[in-house]
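Undergrad: Below are the sequence and a predicted model for it; my questions follow.
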Amino acid sequence: MSEVIPVRLKREIVKEIDELIKLGIFSSRNEALNFLILQGLKEIDLLKAEIEKVKEVKLPLLDKTLDDFLRERDRF
């Protein structure tokens, strides 16, 4: 089942998608966008898995800015 949603895209993105259609990679904007979004979501899933690994190792998240670290370094 599918759902229709309005989406606003930058012209450059639309041009790239249209180029993929002209090359015969996709038959429509719909097909191209569905494929590209699905691939992006798969990449995000990989990223989420990596984040979960970091959480399991219990690595501390940095709560300081780069400037804070540089100031501490300069104290020595």
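TA: That came through fine. Numbering: from 1, shown residues only.
Undergrad: Could you identify the helix or strand that succeeds whichever strand or helix holds residue 21?
TA: With elements taken from DSSP states H and E, the one containing residue 21 is helix 11-22. Of the helices and strands lying after helix 11-22 in sequence (DSSP H and E), the nearest is helix 29-57.
Undergrad: returning to that earlier point: point out the other helices and strands that the helix holding residue 21 packs with.
TA: Contact partners of helix 11-22 among helices and strands, from 3 or more CB pairs under 8 Å, 6 or more residues apart in numbering; DSSP states H and E: helix 29-57. (Each C-beta comes from the backbone N, C-alpha and C, glycine too.)
Undergrad: Would you mind getting the angle between the helix it packs on and helix 11-22?
TA: In terms of direction (axes from the mean of the first three to the mean of the last three CA atoms, to 10 degrees), helix 29-57 departs from helix 11-22 by 110 degrees.
Undergrad: Grab the nearest non-local neighbour of residue 28.
TA: Using CB to CB, 6 or more residues apart in numbering and skipping the chain neighbours, the partner closest in space to residue 28 is residue 21 (6.8 Å).
Undergrad: check contacts around that neighbour.
TA: Shown in contact with residue 21 (CB atoms under 8 Å, 6 or more residues apart in numbering): 27, 28, 29, 32.
Undergrad: How much space separates residue 31 from residue 19?
TA: Distance of residue 31 to residue 19, computed by CB to CB, to the nearest Å: 14 Å.
Undergrad: And for residue 1?
TA: Distance, residue 1 to residue 19, by CB to CB: 30 Å.
Undergrad: Neighbour count: those two, which is higher?
TA: Taking neighbours as other CB atoms under 10 Å, residue 1 and residue 19 compare with residue 19 leading, 11 against 2.
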